[in-house]
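K.L.:
After the sequence you'll find the predicted model.
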Amino acid sequence: MSRHDPEKLYPGFPGTEPNQHLRTIPACAALGMWQRATVGEPVSTSLDAALPATCDADGRVSRGAALVLADQATAGGVFTTLSRPTPMMTLDLRVDWFGPLPAAAISCIIDEVTREGDLALSRGRLVAEGRPIGAAVARYLIGSMPGGTPGRMDERHDVLPPSPAPCFADYLGAESTPDGLVMQPGVEHVGAPLPAYHGGVIAGLLEHAGVSSVDAAFRPLDIEIRFLAPALATLPLVARVVPRRIGRRAITLDLEAHQGDPDRPVAIGRMLAITDPAGDPVRHDLPRG
């Protein structure tokens with residue numbers, strides 16, 4: 001049997017092979033994601049740097065695209081704990097970066113999922129060419145679609161093409177306005193069938209807004225997003241940045257996204273950026289008790 005045989009796929013994964021469901025999620029298909037989810041093997045989700053829509057202007061994988069990957073990959077980890085395909089929604093997502101991202105394919109490999117009833121905490125690591133480039137952790141509510149309403153797995157079957165955008169910033173298509181960075185709705189941004197923006201796309205927009213607001217000497221060290229309400233993919237999404245502390249070596253930014261009413265954000269976040277140069281990350285495995 002091949003690794004795509006239905007008998008060997010984790011029973012909680014939708015579809016008959018790992019990539020079937022991904023290719024029907026517009027945001028995942030647009031960024032060319034693929035997945036491994038065979039029982040007994042590591043669960044991982046990947047992006048290909050050969051697709052321009054996943055990259056920044058320098059040809060490296062964009063941190064925004066990596067956030068979409070981290071959101072989808074950690075959800076994939078939760079699927080491994082389910083007895084059947086069940087919908088879920090992201091409550092929060094945090095990614096810590098280890099230096100700049102490479103101009104090479106990156107993967108998010110899931111290391112651990114902890115369940116507490118309908119709550120699940122999924123932890124993973126972002127790697128490229130065998131090197132750690134980041135760590136991701138996300139919490140999910142199982143059994144609910146965006147908005148907290150009961151739902152079922154999406155029955156979309158159309159396989160969608162990758163985005164033709166020349167870079168991730170163009171994939172977002174956001175424009176700077178006096179109100180903030182505004183992204184117009186597009187089918188390539190959809191995650192849940194509400195239709196709602198993919199949580200990773202929201203995180204990518206907030207990251208893009210944060211980085212655009214600081215001096216190029218600062219590099220993002222981490223970002224954390226809390227999702228407060230469904231962001232309808234039929235309406236523009238506005239990202240705003242509020243500097244909380246600006247120092248010589250570190251900047252802390254508050255981020256928020258809304259859809260017309262700044263007093264009713266659909267997501268909030270915080271980003272830390274530093275001027276310290278990137279080093280060579282080394283993973284130390286400690287004894288487990």
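P.N.:
Yes, it's here. Residues are numbered from 1 along each chain as shown.
K.L.:
rest of the way, CA atoms for contacts and neighbours
P.N.:
OK.
K.L.:
What segments of the stretch 51-200 of the chain are strands?
P.N.:
88-97, 106-116, 119-128, 131-142, 175-177, 180-183 (DSSP state E, counting those that start in this stretch).
K.L.:
Test my guess that residue 102 contacts residue 130.
P.N.:
No - Residue 102 is beyond contact range of residue 130, at 11.7 Å (criterion: CA atoms under 8 Å).
K.L.:
before we move on, the earlier item: for residue 287, find the nearest of the strands of the stretch 51-200 of the chain.
P.N.:
Proximity to residue 287, assessed across these by CA to CA, is greatest for strand 106-116 (15.3 Å).
K.L.:
same for that closest one, what does it pack against?
P.N.:
If you count contacts as 3 or more CA pairs under 8 Å, 6 or more residues apart in numbering; DSSP states H and E, strand 106-116 packs onto strand 44-47, helix 63-79, strand 119-128.
K.L.:
on that earlier part again, residue 102 and residue 130: who's more crowded?
P.N.:
When neighbours are counted by other CA atoms under 10 Å, residue 102 and residue 130 differ, and residue 102 comes out ahead with 18 against 9.
K.L.:
So for that one, what's the nearest residue that isn't a sequence neighbour?
P.N.:
residue 60 (5.2 Å; CA to CA, 6 or more residues apart in numbering).
K.L.:
I'd assumed residue 49 was in contact with that neighbour.
P.N.:
Yes - judged on CA under 8 Å, residue 60 makes contact with residue 49 at a distance of 7.1 Å.
K.L.:
Touching both of those two, which residues are there?
P.N.:
Counting by CA atoms under 8 Å, 6 or more residues apart in numbering, the shared contacts of residue 60 and residue 49 are 103, 104.
K.L.:
give me the beta-bridge partners of residue 36?
P.N.:
Taking DSSP bridges, one obtains residue 44 as the residues bridged to residue 36.
K.L.:
Reduced to three states, what does residue 277 come out as?
P.N.:
Three-state call for residue 277 (DSSP: H, G, I helix; E, B strand; the rest coil): coil.
K.L.:
gap between it and residue 131?
P.N.:
18 Å (CA to CA, to the nearest Å).
K.L.:
picking up where we left off before, closest to residue 232 out of the helices and strands packed on strand 106-116?
P.N.:
Comparing these by CA to CA, helix 63-79 comes nearest, at 17.0 Å.
K.L.:
Report all helices and strands that that closest one contacts.
P.N.:
helix 26-30, strand 44-47, strand 88-97, strand 106-116, strand 119-128, strand 131-142, helix 199-212.
K.L.:
Out of these, the one nearest residue 55 is which?
P.N.:
Residue 55 lies closest to strand 44-47 among the helices and strands packed on helix 63-79, at 9.9 Å (CA to CA).
K.L.:
Grab the nearest non-local neighbour of residue 184.
P.N.:
Counting by CA to CA, 6+ apart, the residue nearest residue 184 is residue 236, at 4.5 Å.
K.L.:
Run a quick neighbour tally on that neighbour.
P.N.:
17.
K.L.:
Mind putting the helices and strands packed on helix 63-79 into TSV with mean pLDDT and mean neighbour count?
P.N.:
Formatted as TSV, the helices and strands packed on helix 63-79 follow (pLDDT from 0 to 100; neighbours: other CA atoms under 10 Å):
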stretch	mean pLDDT	mean neighbour count
helix 26-30	95	27
strand 44-47	95	25
strand 88-97	96	22
strand 106-116	97	19
strand 119-128	97	22
strand 131-142	96	22
helix 199-212	97	25
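K.L.:
Which among those is found nearest to residue 264?
P.N.:
It is, among the helices and strands packed on helix 63-79 and with distance given as CA to CA, helix 199-212, at 15.2 Å.
K.L.:
what residues are up against residue 140?
P.N.:
With CA under 8 Å, 6+ apart, residue 140 has these contacts: 75, 88, 89, 90, 91, 92, 119, 120, 121.
K.L.:
beta partners for it?
P.N.:
Here residue 140, judged by DSSP bridges, has bridge partners residue 90, residue 120.
K.L.:
Against residue 246, how distant is it?
P.N.:
32 Å.
K.L.:
Repeat that for residue 212.
P.N.:
As judged by CA to CA, residue 212 and residue 246 stand 15 Å apart.
K.L.:
go on, residue 260?
P.N.:
28 Å.
K.L.:
so residue 229 touches residue 259, yeah?
P.N.:
No - judged on CA under 8 Å, residue 229 makes no contact with residue 259 at a distance of 10.6 Å.
K.L.:
And the two? Which one has more around it.
P.N.:
Here residue 229 and residue 259 are compared on neighbour count by other CA under 10 Å; more neighbours surround residue 259, at 18 against 15.
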